[in-house]
Every structure is written in C-alpha cells, then in structure tokens.
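>>> Please find the sequence and the predicted model below.
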Amino acid sequence: YMWPGKEQQIVFEFTGPSVQAILDRIPKSKVIKREKNKVTIQATVVHGTGIKMTLLSQGGWVKVLSPQSFVDEMKEEVEKMMEGYR
C-alpha cells in the first residue's frame, strides 16, 4: 500500500458482489467464514491509510470487526465523511 506502517491482522465482513475482487486487492487475505449474504475475511495488512482507503472504497459492503482500535478508526472516518453531508 501507499503508506507504510506496522503489520496487523484485521477481520472484516464483506457483502459485495465479488469477494474475489476484494481478495485480489488484499494479497494476504482469506475467507474464514461464509454465510448466505456475506463472507468474513481475515487479512494481514500494513496498518495505515492504504488499507483504510481500500476498505472505504467498498462503501457499505465492508464492516470491520477487529481489532477494536481499527474498528474505532473506521467509525471515526465514516463520521467525518457524514459531516460533509449535514
């Protein structure tokens, strides 16, 4: 990704039409659970702006589950985005 940082493991749900597309964009990722309308993906990523931008580019199809610190970062970013529409 564009911005370096410390490696971390994240877990997120994906409900979009092509799970393979998201797996291709995040090389160290794998599906750990499949449900009717969503998959849960575990990925080893470089913590930083790059992975956040990648996940945010998927809009409402992504929900980060862990670690909690990254969940909080994503929530904060989404709230900042919402402010632009108020």
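Thanks, I have it.
>>> Test my guess that N37 contacts T15.
Yes. Applying C-beta atoms under 8 Å, one finds N37 in contact with T15, separated by 5.8 Å. C-beta: built from backbone N, CA, C; applies to glycine.
>>> neighbour-wise, which of the two wins?
Neighbours per residue, other C-beta atoms under 10 Å: of N37 and T15, the larger number sits with T15, 14 against 6.
>>> Spit out the contact partners of M74.
Shown in contact with M74 (C-beta atoms under 8 Å, 6 or more residues apart in numbering): 52, 55-56, 64.
>>> For the helix ranked longest in the chain, which residues meet the burial criterion?
Identified as the longest helix of the chain according to DSSP state H is helix 68-83. For helix 68-83, the buried set under the neighbour-count rule, 16 or more other C-beta atoms under 10 Å, comprises 70-71, 74.
>>> Would you format the residues you listed as TSV with pLDDT and distance to I32 included?
Formatted as TSV, the buried residues of helix 68-83 follow (pLDDT from 0 to 100; distance: C-beta to C-beta, whole Å):
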residue	pLDDT	distance to I32
F70	94	17
V71	96	17
M74	95	19
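>>> With distance to R25 as extra columns, can I get those in JSON lines?
Converted to JSON lines, the buried residues of helix 68-83 look like this (distance: C-beta to C-beta, whole Å):
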{"residue": "F70", "distance to R25": "17"}
{"residue": "V71", "distance to R25": "20"}
{"residue": "M74", "distance to R25": "16"}
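>>> which one of the residues you listed is nearest T44?
Checking the buried residues of helix 68-83 against T44 with C-beta to C-beta, the nearest one is F70 at 12.7 Å.
>>> Look up how far K52 lies from that closest one.
Going from F70 to K52 by C-beta to C-beta, to the nearest Å gives 8 Å.
>>> for V39, same thing?
20 Å.
>>> Can you give me the neighbour number for F14?
Neighbours around F14, by other C-beta under 10 Å: 21.
>>> For it, what are phi and psi?
Per-residue torsions, F14: phi -130, psi 130 (degrees, to the nearest 10).
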